[in-house]
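Undergrad: fold the stuff below for me.
(one chain, ligands or ions: 1)
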Amino acid sequence: MKYTINEESLDPKDWSEMRRMAHLMVDDMMDFLQNIYDQPVWKPIPENVKQSYESSIPKEGQPLHEVYEEFKQNILPYYKGNIHPSFWAWVQGTGSPTAGMADMLASMMNSNVTIGEHAAMYIDAQVVNWCKEIMGFSREASGLLTSGGSMANFTALTVARNTLANRSVRYKGLKNLEKQLVIYCSKETHSCVIKGIEVLGIGSENIRRIEVDDDYMINLTVLENQIQLDIQAGLQPFCIVANVGTVNTGAIDDLDAIRGICNQYDLWMHVDGAFGALAKLVPRYKNQLKSIEQADSVVFDLHKWMYMPYEIGCVLFQSGEAHRATYAIEPDYLLKHERGLAAGPDSLNNFGLELSRGFKALKVWMSFKESGIHKFERLIDQNLQQIDYLKSLVIHHPQLELCAPVVLNVLCFRFYMDGMDNEQLNTINKEIVMTLQEQGIASPSSTLLKGNYCIRVAHVNHRSRKEHFDVLVEEVVRIGREMVLVS
Ligand SMILES: *Cc1c(COP(=O)(O)O)cnc(C)c1O
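TA: Below you'll find the model as predicted:
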């Protein structure tokens, strides 16, 4: 007897219509990126559009072209702005047309890059090897592409803990350790390190957040004194986190000194170089950042100062053995075979927390092949030169004040007027930032330095030109003066 069931799939019934839509989407996105220079950097989301985000799950479908229309109406125009040349808020990469297309190709292939004998596994490994070259790590070093710097830092801190505490911590847990673990970093260290230490069960009270000097670098005397105090108190120091590019001001800790202290007290040296470590590629930072090569682990984001679209970060380890010993596990359902699909490279599940992983390596592979690493070096250098330019505009303007030393690609400044106290200046500068964004002019972000509200420019944008910084400065002063008049 023959019976029919109504078998469905998510493939289109009409491939030619799908193809037409796909072309349309690509064309629209190329227009979008090509014209982004003339668009506002940001616009507020209207209430009625926000309401559309509240509708409940669609029970039945509608034609793709209608859904796509809604995307163009309600989603695309309300972008965050980090694709725009005048965006320098937080530390957010710009992305590129090539890398975006690579993400589309990766998504269409839909490779799960964890296990198996397939090309994406090898490209992922190749990109990790390229990352080693960038950081001056040896070929024998180990690494992992992660969703970002937070996950990469967490991965590194776990390996540091397991290696320095006692490998059995992995199986017996922290309660089995004789001594309480303590870790060191400066007060300027990124919050993801704090979170990571909390998740690792070490607890944030066991992070010694060391004072910084006027240049926001970790104070080495305080650091070393604290280590000695902790040892005397019967605690076990295990790691120092060195910053290459603090998030507030871009400060770079003294890597050589920290390496020395790590050697002396037998500590793991971890470098959080989420954006700053990439400055290693340009001549003027080569020497200063050379010692990244001596770190036990280093983290950097390719979605920040390598201009890749979200998400992609990287962690590297000198010791592949230590890296693998923290994560390797072989459950019955992930057995490796001699031949066939389940052969192939070591499962990436043995190197990190995540099992399923996307083919995020492809965007790096394509971009590096198309542009060559020298182009990225030039772009990073260009950003640094543009920050120099902005600095000269700020220091030569009587109504602007530089708030911190500029050592990398982060510049903090504020509108200033004689006779105003810090509280008034804080109010005005906050208004300036919000107004710049609301008027679609530019998107810096802000931070507090010594209690003062500062306008913060963190520059990882390959689309910015000098003129965009001219506009920023002009408009900060314009809005500041207007605020003074109304206050
Ligand atoms: C951005 C950043 C992080 C976190 O990285 P994500 O990719 O956002 O998870 C960590 N440290 C520093 C210094 C950063 O700038």
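
Undergrad: contacts only, for residue 196.
TA: Applying C-beta atoms under 8 Å, 6 or more residues apart in numbering, one finds that residue 196 lies in contact with 150, 153-154, 157-158. Just so you know, the C-beta spots here come from the backbone N, C-alpha and C atoms, and that holds for glycine as well.

Undergrad: go with 10 Å
TA: Taking C-beta atoms under 10 Å, 6 or more residues apart in numbering, we find residue 196 in contact with 150-158, 161, 183, 190, 202, 204, 207, 241.

Undergrad: got the residues of the protein near the ligand?
TA: Within the chain, the positions lying close to the ligand (C-beta under 6 Å from any ligand atom) are 91, 148-150, 153, 190, 192, 245, 247, 272, 274-275, 301, 313.

Undergrad: among the contacts of residue 196, which ones are buried?
TA: 150-158, 161, 183, 190, 202, 207, 241 (16 or more other C-beta atoms under 10 Å).

Undergrad: one step back: so which of the contacts of residue 196 sit within strands?
TA: Among the contacts of residue 196, the residues falling in strands (DSSP state E) are 183, 207, 241.

Undergrad: can you pull out the strands in the stretch 201-350 of the chain?
TA: With strands called from DSSP state E, counting those that start in this stretch, the stretch 201-350 of the chain shows them at 207-210, 236-243, 268-272, 297-301, 313-317.

Undergrad: give me the nearest residue to the residue of the stretch 251-400 of the chain found nearest the ligand, chain neighbours excluded.
TA: For the stretch 251-400 of the chain and the ligand, the shortest gap (C-beta to the nearest ligand atom) falls at residue 274, measuring 3.2 Å. The shortest distance from residue 274 to any non-neighbouring residue, by C-beta to C-beta, 6 or more residues apart in numbering, is to residue 149 (3.9 Å).

Undergrad: that neighbour reaches residue 273, doesn't it?
TA: Yes. Between residue 149 and residue 273 a contact is recorded at 8.9 Å, counting by C-beta atoms under 10 Å.

Undergrad: which neighbours do the two share?
TA: The contact lists of residue 149 and residue 273 share 299-301, where a contact means C-beta under 10 Å, 6+ apart.

Undergrad: just put the strands of the stretch 201-350 of the chain in TSV and tack on distance to residue 179 and mean pLDDT.
TA: What follows is the strands of the stretch 201-350 of the chain, written out as TSV (distance: least, C-beta to C-beta, whole Å; pLDDT from 0 to 100):
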stretch	distance to residue 179	mean pLDDT
strand 207-210	15	98
strand 236-243	4	98
strand 268-272	15	98
strand 297-301	22	98
strand 313-317	24	98
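
Undergrad: possible to save those as CSV with distance to residue 441?
TA: Below are these laid out as CSV (distance: least, C-beta to C-beta, whole Å):
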stretch, distance to residue 441
strand 207-210, 36
strand 236-243, 31
strand 268-272, 32
strand 297-301, 27
strand 313-317, 30
